[in-house]
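Trainee: sharing a model that was predicted from the sequence below.
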Amino acid sequence: MPRSKTALLIVAAGRGTRLGSETPKQYLKVGGMPVLRHAVLRFRAHPAIGTIRMVIDPNHRDLYEQAVAGFDLPPPVEGGAERSQSVLNGLRALTDEAPDLVLIHDAARPFVQTAVIDRVLEALVQAPGAIPALPVPDTLKQAAGLDAPITGTLDRSTLFRAQTPQGFHYQPLLHAHEAASSHTTDDAALLEARGLEVRLVEGAESLFKITTEADLMRAESMMASQMEPRVGTGFDVHRLGPGDAITLCGISIAHDRTLIGHSDADVGLHAITDALLGAIADGDIGSHFPPSDPQWKGAASDQFLMHARDLVLKKGGRITHIDVTLICEQPKIGPHRPAMRRRIAEIVELPENRISVKATTSEKLGFTGRGEGIAAQAAATVLLPAEIDQ
């Protein structure tokens, strides 16, 4: 499915008053990262998702900017007083782009799974709407309220708990929202009211919505118990040849020679890429970007590292630390170390304090000592959901 034809709206304009926190729940941290950022990272890693638009309360703009720092996202859309108005504002913001499909997601559901997104998109091939849902496991009783007498027992066999992301053909959903005479908390209900088919697909228990303090504790517990650390290492070397600049760790450095390779020969980023691929046991840089493929001729190596980053995210994982050592006599790395750390941090979307760049020489020994080439070795620490092995 073409990436540019599926848009995503993340609704993040709510105040989350039921949680009892001064900070809206979508900006609270789970596993050291804002709830909203967890969701964005997982959607950005999905190949079918094109434009991502966020709908926020403008009063929370500072919190929003902190949560999405480092992402190249369009300006956020101003939300409304009700959820349905926020969604309509977001849909209108997509008018010029006119996507074929649109996914609507609650910002307070951080643990989005690639398989759920896939099921929703597959269902949209046959129907104008599709939502993830789970069967209701408990017996349902009807009553006026707690401490009131039971007035009936409902048949739960045809009842399901709706989740997000909910998917729709863009134009029918926009028309349904434009024509709605009242507010609704469920986009699918608008299509149902117009007689359009909305299909259910299998959701996931991990897609629960953070609403209460207990939900927040559950999310923290999930992060702590379901993630396991993996460490990968990488090594790369390229020879030096005629030229006037070297690219190391994404930074161009004036030099009397250059590194020779099929791409830009950035040994630092290549080593980090292999370290990430090693951490998730997914081959090496050559298997993903064969040097025999002409499309990678002279390519900037940041796209290799972005690819490895996205593979980690697709597995529901997150990168926690990068350490790279450059081995060369020249150029001197010290003056360029801060810029290198910043650039790596931008690419892998981590704070700079989780990026280490070191340099050493080989005491004039070997090919690096003779100035014939530059080498790099890297280590990457990644947290992955333990269930990926099951």
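Mentor: That came through, no problem.
Trainee: wait, a strand at Leu8?
Mentor: Yes. Assessed with DSSP: H, G, I helix; E, B strand; the rest coil, Leu8 lies in a strand.
Trainee: where's Thr23, which helix or strand?
Mentor: Following DSSP states H and E, one finds Thr23 outside all helices and strands.
Trainee: that one against Asp62, yeah?
Mentor: No. With contact defined as C-beta atoms under 8 Å, Thr23 does not count as touching Asp62 (11.1 Å). To be clear about C-beta, it is placed using only N, CA and C from the backbone, and glycine gets the same treatment.
Trainee: who has more neighbours out of the two?
Mentor: Applying other C-beta atoms under 10 Å to Thr23 and Asp62 shows that Thr23 carries more neighbours, namely 14 against 9.
Trainee: residue contacts, that one?
Mentor: Applying C-beta atoms under 8 Å, 6 or more residues apart in numbering, we find Thr23 in contact with Leu63.
Trainee: what's the spacing between it and Ile210?
Mentor: Plainly put, Thr23 is 12 Å away from Ile210 if you go by C-beta to C-beta, to the nearest Å.
Trainee: can you tell me how far the residue nearest the centre of the chain is from Glu352?
Mentor: The centre of the chain sits closest to Leu41, judged by C-alpha atoms, centre = their mean, with a distance of 1.3 Å. As judged by C-beta to C-beta, Leu41 and Glu352 stand 18 Å apart.
Trainee: quick check, Thr381 in a helix?
Mentor: No. Judged by three-state DSSP, Thr381 forms no part of a helix; its state is strand.
Trainee: pLDDT score for it?
Mentor: Looking at Thr381, its pLDDT is 97.
Trainee: same question, the one 4 residues further on
Mentor: Among the per-residue scores, Pro385 shows a pLDDT of 73.
Trainee: with adjacent residues omitted, what lies nearest to it?
Mentor: Of all residues not flanking Pro385 in the chain, Gly316 sits nearest, at 4.5 Å (C-beta to C-beta, 6 or more residues apart in numbering).
Trainee: kindly report the same for Gly129.
Mentor: For Gly129, the spatially nearest residue (C-beta to C-beta, 6+ apart) is Val198, at 3.6 Å.
Trainee: that neighbour and Leu190 touch, don't they?
Mentor: No. Using C-beta under 8 Å, Val198 makes no contact with Leu190, being 9.5 Å away.
Trainee: anything in contact with each of these two?
Mentor: Joint contacts of Val198 and Leu190 (C-beta under 8 Å, 6+ apart) do not exist.
Trainee: now for the residue nearest to Pro385: which residues touch it?
Mentor: Each residue near Gly316 by C-beta under 8 Å, 6+ apart is listed here: 42, 111, 113-114, 384-385, 388.
Trainee: redo that, cut-off 10 Å
Mentor: 38, 41-42, 45, 111-114, 206, 226-227, 383-385, 387-388 (C-beta atoms under 10 Å, 6 or more residues apart in numbering).
Trainee: quick one: Thr104 is in a strand?
Mentor: Careful, residue 104 is Ile; it's not Thr. Yes. Counting by three-state DSSP, Ile104 falls inside a strand.
Trainee: burial check on the closest residue to the residue nearest to the centre of the chain other than its chain neighbours, number of neighbours?
Mentor: Excluding its sequence neighbours, the residue lying closest to Leu41 (C-beta to C-beta, 6+ apart) is Leu313, at 5.3 Å. As a burial measure, Leu313 scores 19 neighbours (other C-beta under 10 Å).
Trainee: and the helix or strand harbouring Ser287, what does it pack against?
Mentor: Counting by DSSP H and E, the element that carries Ser287 is helix 285-288. Packing partners of helix 285-288 (3 or more C-beta pairs under 10 Å, 6 or more residues apart in numbering; DSSP states H and E): helix 267-279, helix 302-314.
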